[in-house]
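> below is the sequence, then the predicted model.
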Amino acid sequence: MRRSLHSKTPDRDMLRAYALGTLPARETARVEAALEASSEWRTALDAVKAELALLDALPPVAPPEGLAGRTLAHMRDADAGVAGRRAVWKPAAAFVAIAVVAAAFLVTLVSSDLRQRETRISTLKHFGLAFKMYSGEDRQGLYPPAVWDDGWRPQMPEEYIGEDLAARLSGNYIYLSHAAETPEKARILGRVMSERAETPSDIEADGVRVYRTREAIERFFITDLRLPAGSVAAQSEVPIMIDTFDLVGPGPPRGCFVLYMDGHVAWHDYGSGGPVDALIDELLPLLRGE
């Protein structure tokens with residue numbers, strides 16, 4: 001991914017990450033600039049999307065039940081007259097049989113994992129669009145308030161998200177109604193949320209104010225409003241929704257996909273620091289029912 005975007009040859013690794021929605025905001029902006037300027041980049045992106053669609057369309061593949069056992073039994077019961085020759089080939093044949101079974105499971109696993117990742121990313125991006133629509137119709141540009149209902153949900157009319165998207169919430173996604181762009185603010189917001197309290201307005205604690213998310217909120221925490229990129233950069237650092245699939249399962253939390261205010265979605269490794277880690281630390285006992 002280190003190739004310059006001014007190169008005539010498109011970077012397929014970067015385009016693949018862009019298509020999956022896992023590219024950081026800065027790299028996403030660079031790719032979109034290259035796509036706008038180069039038809040070759042656009043053609044390459046179409047090809048990458050087609051490849052991902054083909055992989056996603058693969059049907060689940062499960063090996064026939066008992067395939068490995070039958071293969072090994074057949075080898076054991078083979079004609080003893082060629083036992084000497086088969087003694088050489090048995091280990092190789094067994095390896096091939098096991099490799100076929102393993103490959104079938106691997107294809108199924110990879111395809112299923114890609115489908116799940118795409119669904120999670122797509123769900124978050126759809127919510128991002130719904131929040132923008134909601135704030136566009138609010139006189140103060142506010143995002144919806146959060147309400148506890150078997151998880152933190154956006155309190156907004158279903159017409160913004162539809163019945164199908166609303167049904168996906170059910171504890172799998174956590175909506176953040178306040179702009180926690182720093183670890184300190186994230187810890188304050190997490191403490192309030194862990195008490196399952198409603199969060200309709202700005203929060204003040206320990207001399208720090210955590211603002212309700214709204215359009216142009218970046219004016220509260222960027223240092224130079226004259227910089228045209230300041231608004232985008234600030235919004236790209238404000239998480240507004242995370243998923244919980246890899247946080248509440250068995251074992252230690254792995255991380256989560258995060259929707260940021262500017263609309264991009266990125267994977268966050270738990271333990272890498274920042275406001276998302278601080279928020280997870282506060283909410284994890286609640287998420288795991290402790």
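It's in.
> who does the most centrally placed residue in the chain bridge with?
By CA atoms, centre = their mean, the chain has its centre lying nearest to residue 257, at 3.1 Å. Beta-bridge pairing for residue 257 (DSSP bridges): residue 267.
> thought residue 270 was touching it, still the case?
No - Residue 257 is beyond contact range of residue 270, at 11.9 Å (criterion: CB atoms under 8 Å). Just so you know, the C-beta spots here come from the backbone N, C-alpha and C atoms, and that holds for glycine as well.
> start to end distance for stretch 150-162?
By CA to CA, to the nearest Å, the extent of stretch 150-162 from end to end equals 19 Å.
> so which bits of it are buried?
By neighbour count on 16 or more other CB atoms under 10 Å, the buried set for stretch 150-162 is 151, 152, 153, 154, 155, 156, 160, 161.
> now do it: distance to the chain's middle.
Going by CA atoms, centre = their mean, to the nearest Å, the spacing between the C-alpha centre of stretch 150-162 and its chain's C-alpha centre is 19 Å.
> what sits up against that stretch?
126-127, 130-131, 133-134, 143-147, 166, 169-177, 193 (CB atoms under 8 Å, 6 or more residues apart in numbering).
> the helices in the stretch 101-250 of the chain, which residues?
162-167, 183-194, 230-235 (DSSP state H, counting those that start in this stretch).
> assumed residue 271 was part of a strand.
No - under DSSP: H, G, I helix; E, B strand; the rest coil, residue 271 falls outside any strand and is assigned coil.
> now for the nearest residue to it once chain neighbours are set aside: which residues touch it?
Distance criterion CB to CB, 6 or more residues apart in numbering; nearest residue to residue 271, sequence neighbours excluded, is residue 277 at 6.8 Å. With contacts defined as CB under 8 Å, 6+ apart, the neighbours of residue 277 are 183, 268, 270, 271.
> ok so, going back, just the buried ones among the contacts of stretch 150-162, please.
126-127, 130-131, 134, 143-147, 169, 173-177, 193.
> compare the contacts of residue 277 and tell me which is most surrounded.
residue 268 (20 neighbours; other CB atoms under 10 Å).
> from memory that one sits against residue 256, does it?
Yes - the criterion here is CB under 8 Å, and residue 268 meets it with residue 256 at 5.7 Å.
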